[in-house]
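Q: starting from these lines, generate the structure:
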Amino acid sequence: MGRLAAKIIEKATGQPVEARVHVLSSGGMFLHPRDAILKVGSGLRFFYCAGEFSVDAPRGLTQVLVERGTEYTPATVSVYVPSAGAVTVEVELERWTGLSQAGWHPGNTHVHYDENERSPDARLRMDPRVEDLRFTAVSILRRWDKPYASNAYPAGVLTEFCSDHHYVECGEENRHNSRNPPDSGEHGYGHVMLLRIQRAVEPVSRG
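A: Alright, predicted model coming up:
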């Protein structure tokens, strides 16, 4: 078993940057560091990377796909991993646009961590960075009786997750649910996102 080590560099600055990474072994297996935060949801599997990573990998050609936000071109490299020892690679990410220069800033106002999330703080620290977001709002949501992990955050600015380039707050998804069971096939009447609030607006969910 060999080892693959990689650094993710922004081409314009030469500095390491956070990103999402998909590593595919020579045998077609998704590889990731043991303690990595993994993407949640369907589609191609990724892990969050703070700028560099290393993984054990079997011998052969290994593919690395790196993505960061919407303003960077995805980068793909192929690396031959030896049967023993380590190989190191640098992956450069290049911007294809700079919307902030025109006054536009990427953001996500609809973030939830469900009852299966075991490390919400670690994920919230990485989410804005790997997606290159200037504004992130994780939202209180009461849907049936599911204990959403993100509901533990207080409404308002989450200063411990903010930085000079990332603003993070907790808002609310004020939801109008169907009064019938989830398996009835009926839906509610939608929801609105409440931001810049100091406390949850009750009732958070209706129905």
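
Q: starting at the chain centroid, how far to stretch 72-87?
A: Remark: stretch 72-87 is offset 22 Å from the chain centroid, using CA atoms, centre = their mean, to the nearest Å.

Q: would you put the C-alpha positions of that stretch in CSV?
A: Extracted in CSV, the C-alpha atoms of stretch 72-87 (Å, rounded to 0.1, in the frame of the first residue of the first chain):
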residue,chain,number,x,y,z
TYR,A,72,-13.0,28.3,-9.7
THR,A,73,-12.5,25.9,-12.5
PRO,A,74,-12.5,22.3,-11.2
ALA,A,75,-9.0,20.7,-11.4
THR,A,76,-8.3,17.0,-12.2
VAL,A,77,-4.9,15.3,-11.9
SER,A,78,-3.8,11.7,-12.3
VAL,A,79,-1.1,10.4,-10.1
TYR,A,80,0.7,7.0,-10.2
VAL,A,81,0.9,5.7,-6.6
PRO,A,82,3.7,3.1,-6.0
SER,A,83,3.1,-0.1,-4.1
ALA,A,84,5.2,1.3,-1.2
GLY,A,85,6.3,4.8,-0.2
ALA,A,86,4.6,8.1,-0.9
VAL,A,87,4.0,10.4,-3.8
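
Q: please pull out the lowest mean pLDDT helix or strand from the chain.
A: The weakest-scoring helix or strand in the chain, judged by mean pLDDT, DSSP states H and E, is strand 205-206 (a mean of 81).

Q: could you list every helix and strand in contact with that one?
A: If contacts are counted by 3 or more CB pairs under 8 Å, 6 or more residues apart in numbering; DSSP states H and E, strand 205-206 sits against strand 167-176. Yep, even glycine has a C-beta here, placed from its N, CA and C like the rest.

Q: pull out the buried positions in the strand it packs on.
A: For strand 167-176, burial by neighbour count (16 or more other CB atoms under 10 Å) applies to 167-175.

Q: checking the residue nearest to the spatial centre of the chain next. Helix, strand or coil?
A: Taking CA atoms, centre = their mean as the criterion, residue 127 is the residue nearest the geometric centre of the chain, at 3.8 Å. What DSSP: H, G, I helix; E, B strand; the rest coil gives for residue 127 is helix.

Q: who touches the residue nearest to residue 86 when sequence neighbours are not counted in this structure?
A: Residue nearest to residue 86 in three dimensions, not counting chain neighbours: residue 3, with 4.1 Å by CB to CB, 6 or more residues apart in numbering. By CB atoms under 8 Å, 6 or more residues apart in numbering, the contact list for residue 3 reads 54-57, 81, 85-87.
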